[in-house]
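>>> got a predicted structure plus its sequence, pasted below:
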Amino acid sequence: MTKEEKMAWAIKQLQDKYDELGMLPAKSDFDAVTLSRIKAFLGPWPRALESAGLKEKKETPKKTAHKRKTRL
């Protein structure tokens, strides 16, 4: 199975569960083996939901360099 096929399988699992439940699937909605495969193929749970198109990608704020305050 290629990487693309693995990702497609994981995405299909998430989308099918969403269709079945009518809401975002939780990790507890999957058995341990399926859950571990989904996370292995798509990454952490929030990223997996984003990859499946079930959750909007959260914009992360850019890190800014903190200026050190000098004491007088």
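Done, it's in.
>>> contacts, neighbours, all on C-alpha from now
Noted.
>>> pull the number of nearby residues for residue 47.
For residue 47, the count of nearby residues is 16 (other C-alpha atoms under 10 Å).
>>> give the contact list for it.
By C-alpha atoms under 8 Å, 6 or more residues apart in numbering, the contact set of residue 47 is residue 57.
>>> report pLDDT for it.
Model confidence at residue 47, given as pLDDT, is 95.
>>> what is whichever helix in the chain runs longest packed up against?
The helix that spans the most residues within the chain, counting by DSSP state H, is helix 3-21. Judged by 3 or more C-alpha pairs under 8 Å, 6 or more residues apart in numbering; DSSP states H and E, the packing partners of helix 3-21 are helix 32-42, helix 45-51.
>>> can you tell me which of these is most buried?
The highest mean neighbour count among the helices and strands packed on helix 3-21, using mean count of other C-alpha atoms under 10 Å, belongs to helix 45-51: a mean of 18.
>>> can I get it in CSV, CA atoms only?
C-alpha atoms of helix 45-51 as CSV (Å, rounded to 0.1, in the frame of the first residue of the first chain):
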residue,chain,number,x,y,z
TRP,A,45,-6.1,13.9,15.8
PRO,A,46,-6.8,17.6,15.0
ARG,A,47,-4.6,17.4,11.9
ALA,A,48,-6.3,14.1,10.8
LEU,A,49,-9.7,15.8,11.0
GLU,A,50,-8.3,18.7,9.0
SER,A,51,-6.9,16.3,6.4
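>>> re the thing from before, the longest helix of the chain to helix 32-42, inter-axis angle?
Calculated by axes from the mean of the first three to the mean of the last three C-alpha atoms, to 10 degrees, helix 3-21 forms an angle of 130 degrees with helix 32-42.
>>> what residues sit buried inside helix 3-21?
Of the residues in helix 3-21, 6-7, 9-11, 13-15, 17-18 count as buried by neighbour count, 16 or more other C-alpha atoms under 10 Å.
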